[in-house]
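Q: Make a model of this:
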Amino acid sequence: MREVTIGDSNVPAIGLGTWHMGDNNATRGTEIKALKDGIAAGARVLDTAEMDGNGRSERLVGEAIKGMNRDELFIIDKVLPSNASASRLEHSLDTSLKQVGTDYFDLYLYHWRGAIPLSETILTLQQMQTKGKIKHWGVSNFDISDMEELLELPNADQVAANEDLYNLGSRGIEYSLLPWMRERKIPLIAYTPVAAGDQRGRLTADPVVKQIAANHSASAWQIILAWAIRDGNTIAIPQSNDPKHTVDNVLAANITLTANELAQLDVQFPKPNSKQPLDMR
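A: Take a look at the predicted model:
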């Protein structure tokens, strides 16, 4: 299974997203089973956020991992911009830790840029790392200008990852941001890695994608995920409420696309030739 180094951990390149999970009591049991089965299939990364369902996703993750060996998991959480100040961040972090039922997060992300000075947020994140409440900190929905600003700040070399929307149909970050991150060995966490809505339908129905899927006895979803993690420096965090689909997502980390298949996908879904606005959900 393909792995990525993030912080001081090597983790499988496909984790478990939880956006929109925990909102419906009628599906709660199935969602918990999906997370448990995904972990049993080899996933270690679970990605959640205080924003997701106003804590309901965090509580769902906590219920799913109850009784598991915490050291075998890599849990990512995120702080909202409105809570990213020196006066509010630690309280927000403590609330999220309680929701998930853990003493620390492996990675804690600044969810997106807000009105709080970036220097204040980064200093506070660094303090949380020193206190042991988080092992590493990072950012989310940062474009290249945000990352360049970040790296001018004290302790910026501690940034462990940037989480951005990225998939076969949304390749805008490949023009400048992704090469910049690769040069500095900053991993990417790709959210919405199989796209959403109509775009997802176009990707999964594409004849080239379907042919490559047939080559690997895989699903179109698995090929799209295998493409997202092809460079060895990207963790994809697809979300699914269905246990079987979740397991299939995790197993996509075993698929290696050939150079010819990657070239075919480049023709069908070209990389950008100019700077694009950052895609955000």
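
Q: Only C-alpha atoms from now on, for both contacts and neighbour counts.
A: Fine.

Q: ok but Glu163 is inside a helix, no?
A: No. Counting by DSSP: H, G, I helix; E, B strand; the rest coil, Glu163 falls outside a helix, being strand.

Q: Would you check that it makes contact with Pro193?
A: No. The pair Glu163 / Pro193 is not scored as a contact, 11.2 Å apart, by CA atoms under 8 Å.

Q: Of these two, which one has the most company?
A: The residue with more neighbours, out of Glu163 and Pro193, is Pro193; 28 against 23, by other CA atoms under 10 Å.

Q: who's in contact with that one?
A: Taking CA atoms under 8 Å, 6 or more residues apart in numbering, we find Pro193 in contact with Leu165, Tyr166, Asn167, Leu168, Ile224, Leu225, Ala228, Ala236, Ile237, Pro238.

Q: Of these - the most surrounded one?
A: Counting by other CA under 10 Å, Ala236 has the largest number of neighbours within those, with 31 neighbours.

Q: Run through the bridge partners of that residue.
A: Beta-bridge partners recorded for Ala236 (DSSP bridges): Ile14, Ala190.

Q: Show the model's pLDDT score for it.
A: For Ala236, the pLDDT comes out at 98.

Q: What of the one 3 residues further on?
A: We note a pLDDT of 95 for Gln239 in this prediction.

Q: Tell me which of the contacts of Pro193 fall in strands.
A: By the criterion of DSSP state E, membership of the contacts of Pro193 in strands covers Leu165, Ala236.

Q: Any chance of JSON lines for the contacts of Pro193, columns distance to Val11?
A: Listed next are the contacts of Pro193 as JSON lines, based on distance: CA to CA, whole Å:
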{"residue": "Leu165", "distance to Val11": "20"}
{"residue": "Tyr166", "distance to Val11": "19"}
{"residue": "Asn167", "distance to Val11": "20"}
{"residue": "Leu168", "distance to Val11": "22"}
{"residue": "Ile224", "distance to Val11": "20"}
{"residue": "Leu225", "distance to Val11": "16"}
{"residue": "Ala228", "distance to Val11": "16"}
{"residue": "Ala236", "distance to Val11": "11"}
{"residue": "Ile237", "distance to Val11": "12"}
{"residue": "Pro238", "distance to Val11": "15"}
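
Q: from the contacts of Pro193, which is closest to Ala26?
A: Pro238 (21.5 Å; CA to CA).

Q: what about that closest one, distance to Arg281?
A: Distance, Pro238 to Arg281, using CA to CA, to the nearest Å: 13 Å.

Q: For Asn24, give me its contacts.
A: Contact partners of Asn24, counting by CA under 8 Å, 6+ apart, are absent.

Q: With Ala252 instead?
A: For Ala252, the contacting residues are Ile14, Gln222, Ile223, Leu225, Ala226, by CA under 8 Å, 6+ apart.

Q: out of the residues you listed, which is most surrounded?
A: Ile14 (34 neighbours).

Q: Surely that residue is in contact with Ala43?
A: Yes. Here Ile14 lies in contact with Ala43, judged by CA under 8 Å, at a distance of 6.6 Å.

Q: Between the contacts of Ala252, which sits nearest Gln127?
A: Comparing the contacts of Ala252 against Gln127 with CA to CA places Ile14 closest, at 29.2 Å.

Q: And the closest one, what's its pLDDT?
A: pLDDT at Ile14 comes out at 98.

Q: now Lys33
A: pLDDT recorded at Lys33 is 98.

Q: Which of the three states applies to it?
A: Secondary structure assignment for Lys33 (three-state DSSP): helix.

Q: What residues does it make contact with?
A: By CA under 8 Å, 6+ apart, the residues touching Lys33 are Ala64, Pro243.
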